[in-house]
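K.L.:
Predicted model and sequence follow; I will ask about them next.
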Amino acid sequence: MILSNVDILAAIDAGRISIEPLGGRDVSRPPFNASSVDLRLAPTITVPRSTPTSHRLDTEYDKVYYAQNSDKYEITDTSPYVLKPNFFVLAQTLETVYFPTTGDGPFYAARIEGRSSLSRYGMLVHFTAPTIHGGFGPARITLEIINLGHNDILLTPNVRICQLIIEEISCRPDDTPSQFRTQTSATG
Amino acid sequence: MEELELNDVRSVLIRCTVKGEGMFPTEFTVEIETAEGPIAIYADQSLLAEGQTALKATRFSTEHDIAVCLLPIEDVDSRWVRIPTENVRDEAA
């Protein structure tokens, strides 16, 4: 079940979801939509450099090496990042979000989606990894952004870059088979 | 079979080591030791505690000397990890 704007705010107030800083509490105005909440762009754009290294998908990549071979740009309103057509960058949401799996629930997960008002420029904000699972955070959400349009796109901080669609999980995520969930001890 | 400790989900700290910078200014590359060996992850500073020597996570159960934990990040092969209990303790402790 997708949460409405009212239910998103209620879940925040109940401590079952955290979005900090929340851009406002009036559910009839941004950052709230009817059934999502907009998140803003944080002021750092990260651009992985072209290196001689290939990415093996069956091997954990060297995260220190990848980070060291990335350029980080701090953007401002007057000094935006110019996202060229067919160019790929990483960014983050300004907001830190948290979906706890402790306590009695309910429990939530979410998906990052683009905003229709930006989609016609040809910009993708999450083109491969939209899911925010239960238990995530508190942390910023990483965005994989690419410009598939024909013109430059100027990325400025705090712009509402994406929307978060929040759904209730059917039960608490667990590490045990469901048939054992109500047992206090395992029997052979 | 060994008795399992179920329905004991709680916030914990996993011992970690900062290995270097992350992809963003508020992020670090950290390494944690699992039962299968070390893994490296990107962790926002909001997920680190105790002078960046501990990673916040959620423990779901403990069996023998292994705690089954859920990592609070997405950029990892599996968010379920098995951590030796000597490297895990309650966050509030």
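P.N.:
Perfect, thanks for sending it.

K.L.:
Which residues of chain B lie near chain A?
P.N.:
For chain B, the residues in contact with chain A under the definition C-beta under 8 Å from any C-beta of the partner chain are B:1-4, B:6-7, B:9-11, B:19-27, B:29, B:39-44, B:46-47, B:58, B:60-61, B:68, B:70-75, B:77, B:79-80. Any C-beta I mention is one placed from the backbone N, CA and C, and that applies to glycine too.

K.L.:
what does the helix or strand of chain A with the lowest mean pLDDT rub up against?
P.N.:
Comparing every helix and strand of chain A by mean pLDDT, DSSP states H and E singles out helix A:116-119 as the least confident one, with a mean of 86. Contact partners of helix A:116-119, identified using C-beta atoms under 8 Å, 6 or more residues apart in numbering or on different chains, comprise A:125, A:161.

K.L.:
tell me the phi and psi of residue 58?
P.N.:
Just going to use chain A. Backbone torsions for residue A:58, taken as degrees, to the nearest 10, come to phi -100, psi 10.

K.L.:
ah, I was thinking of chain B
P.N.:
phi -120, psi 130.

K.L.:
what pairs with it across the strands?
P.N.:
Residues found in beta-bridge contact with residue B:58 (criterion: DSSP bridges) are residue B:11, residue B:70.

K.L.:
Wait, it touches residue A:99, no?
P.N.:
No. Counting by C-beta atoms under 8 Å, no contact exists between residue B:58 and residue A:99, whose distance comes to 10.6 Å.

K.L.:
anything in contact with each of these two?
P.N.:
When contacts are counted by C-beta under 8 Å, 6+ apart, residue B:58 and residue A:99 have residue A:135 as shared neighbours.

K.L.:
Would you quantify the distance from the residue most central in space within chain B to chain A?
P.N.:
Centre of chain B computed as the mean C-alpha position; nearest residue by C-alpha atoms, centre = their mean is residue B:14, 4.1 Å away. Separation of residue B:14 from chain A (C-beta to the nearest C-beta, to the nearest Å) stands at 13 Å.

K.L.:
any idea how far residue B:61 is from that residue?
P.N.:
Shown here: residue B:14 relative to residue B:61, a distance of 15 Å by C-beta to C-beta, to the nearest Å.

K.L.:
what's the answer for residue B:74, then?
P.N.:
The span separating residue B:74 from residue B:61 equals 22 Å under the rule C-beta to C-beta.

K.L.:
can you check residue B:84 too?
P.N.:
Between residue B:84 and residue B:61 the distance, using C-beta to C-beta, works out to 14 Å.

K.L.:
Just the buried residues of stretch A:162-176, please?
P.N.:
A:162, A:163, A:164, A:165, A:166, A:168, A:169, A:172, A:173, A:174, A:176 (16 or more other C-beta atoms under 10 Å in any protein chain shown).

K.L.:
do the same with stretch A:56-76
P.N.:
Within stretch A:56-76, the residues that qualify as buried are A:63, A:64, A:66, A:67, A:70, A:73, A:75, counting by 16+ other C-beta under 10 Å.

K.L.:
CA atoms of the longest helix along chain A as CSV?
P.N.:
Across chain A, the helix with the greatest residue count (assigned by DSSP state H) is helix A:5-13. Written as CSV, here are the backbone C-alpha positions of helix A:5-13 (Å, rounded to 0.1, in the frame of the first residue of the first chain):
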residue,chain,number,x,y,z
ASN,A,5,0.6,12.6,1.9
VAL,A,6,-1.4,12.5,5.2
ASP,A,7,-0.1,9.0,6.0
ILE,A,8,3.5,10.0,5.3
LEU,A,9,3.3,12.8,7.7
ALA,A,10,1.6,10.6,10.3
ALA,A,11,4.3,8.0,10.0
ILE,A,12,7.0,10.7,10.5
ASP,A,13,5.2,12.0,13.5
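
K.L.:
Compute the first-to-last residue distance for stretch B:38-57.
P.N.:
Taking C-alpha to C-alpha, to the nearest Å as the measure, stretch B:38-57 stretches 16 Å from start to finish.

K.L.:
Filter the buried residues of stretch A:56-76 to keep only those in contact with chain B.
P.N.:
Contacts with chain B within these, counted by C-beta under 8 Å from any C-beta: A:63, A:64, A:66, A:67, A:70.

K.L.:
No further questions, thank you.
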